[in-house]
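Here is a sequence together with a model predicted from it:
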Amino acid sequence: MSNYPLATSTWDDKELQAIQSVIDKDIYSMSDSVAQFEQDFARFINRKYCIMASSGSAANLIATAALFYTKNPMLKKGDEVIVPAVSWSTTYFPLQQYGLKLKFVDIDLDTLNYDLEALVRVVAEYTTLHLYTNSLPKEYHKLKEYLIEKLEKFYEDKISILDKTQRDEAERSLYIQILDENWREHLYQMDILKTGIGLRGYNQKDPLVEYKKESFNLFNELIEKVRVEYMKVIHSLQIKFEEPSQYRDPETGLTEEEMIKAIEEFNKQMAEDEEFGDIFREEVVTNQKKPKRNDPCPCGSGKKYKNCCGKSGPKKGVLASE
C-alpha cells in the first residue's frame, strides 16, 4: 500500500514569481496574464477556446453545465454517472446540482483510481456481457471506447440470428412493454402531485407554476427510466428458438401422427383377424364414398371413374357389390 502526504508545498520559484506579478498588477481574475494563459492552454490541449475558472469546484460545475447546455445535450436530469467512491466533495456536488444520479464504484488503494473489478460489476448490472479486468485499459477515454465497442459488438452478435423484421418487432415489443409499465406509474405520480400541489400556496408560491415545474421533472424522469430499463433489457436479452408444440388429443394424449398410426395399425389388425376380417374388409369397401365422375377410379386402374367402373352397365372391381 502506498502512502501519500496530506499536505506538501508544490510551489517553485517561477510559480511564486508569477503569483507576485499578478499581485503587483492588482487585477487577479481578468488581467492580460489570464487572457494569455487561456490562449496558451487552449493551444496546448488543442482546443479553440479555454476559460479560466476561480477554482476546481467552479470548473467542475462549468464542465457539467456544458454537457447539458449544448445543441445535442450529452446528459440530462436523471442520468446515472459512475464516480469513484473516494474523491473531493466538489466532484459530486455539481453532478447532484444538475439532477444526476451518482453510481459509486470502489477504488484501487494503490492508485486511488477506479477498481476495475468493481467497475466490471457495475457494468454487469446492465448487460450479460462478460468482461475480464486484465483486458481493460486503465485510461478513462480508452476504457470508455473499449466498453462501448464491446457492448455494441456483443448486442449485434446476439441479435444477428434474427432477420430485420424479427429484430424490429422484438425491439418494438420490448420498448412498448417497458413504456407501458412506466407510463402507468407516471400517471399515478401525476395524480399524487395534483392532490398536494395546492399546498404550495401556503409557501407564497403559485401552485400552477409549481405544478408545471414538477410535472416537467417527472416527465424527464420517466424518459430516463424508460431509456435505462430498455437498455438493461436488450443487453440482457436471451434469444431462444423453440419448436412449436404438437397438438395432443386431450382424451388419448396422442399427437395427430400417433393417432393416424394407431388407426392404421387397428385397421390392419382387424383386416387380418380370422373371425371379423371378412366383415371388416367388406364394411370398409361398402362404406367408401362414391367417387365423382372425373375422379380417379378406386380400383387402381389409373383411369377416370366415368371411363372405368363408373361406365353404364354392370359394375366392376371394388364397387361391383353396390
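Alright, I've got the coordinates. Numbers count the residues shown, from 1 in each chain.

Would you mark the buried spots in the biggest helix by length in the chain?
Under DSSP state H, the helix in the chain containing the largest number of residues is helix 164-196. Buried positions in helix 164-196, judged by neighbour count with 16 or more other CB atoms under 10 Å: 171, 175, 178-179, 182, 186, 190. Where you see a C-beta, it was placed from the backbone N, CA and C, and this is true even at glycine.

What ranges does the protein have for its helices?
So, for the chain - with DSSP H - the helices run 13-25, 32-44, 56-68, 89-97, 116-124, 140-159, 164-196, 207-236, 256-272, 277-286.

Now mean pLDDT and distance to residue 306 too, for the ones you listed, in JSON lines please.
Conversion of the helices of the chain to JSON lines gives the following (pLDDT from 0 to 100; distance: least, CB to CB, whole Å):
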{"stretch": "helix 13-25", "mean pLDDT": "87", "distance to residue 306": "115"}
{"stretch": "helix 32-44", "mean pLDDT": "89", "distance to residue 306": "99"}
{"stretch": "helix 56-68", "mean pLDDT": "87", "distance to residue 306": "87"}
{"stretch": "helix 89-97", "mean pLDDT": "87", "distance to residue 306": "91"}
{"stretch": "helix 116-124", "mean pLDDT": "75", "distance to residue 306": "76"}
{"stretch": "helix 140-159", "mean pLDDT": "77", "distance to residue 306": "60"}
{"stretch": "helix 164-196", "mean pLDDT": "88", "distance to residue 306": "50"}
{"stretch": "helix 207-236", "mean pLDDT": "85", "distance to residue 306": "65"}
{"stretch": "helix 256-272", "mean pLDDT": "73", "distance to residue 306": "29"}
{"stretch": "helix 277-286", "mean pLDDT": "53", "distance to residue 306": "20"}
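
what pLDDT does residue 130 get?
Here the pLDDT value assigned to residue 130 is 60.

And the one 5 residues further on, by the same measure?
Confidence per residue is given as pLDDT, and for residue 135 that number is 58.

same check, this time on residue 315
On the pLDDT scale, residue 315 gets 50.

Could you do the one 5 residues further on as well?
Residue-level confidence at residue 320 comes out at 50, pLDDT.

and what of residue 309?
70.

From what I see, it and residue 298 are in contact.
Yes: look at residue 309 against residue 298 with CB atoms under 8 Å: they come within range, at 7.3 Å.
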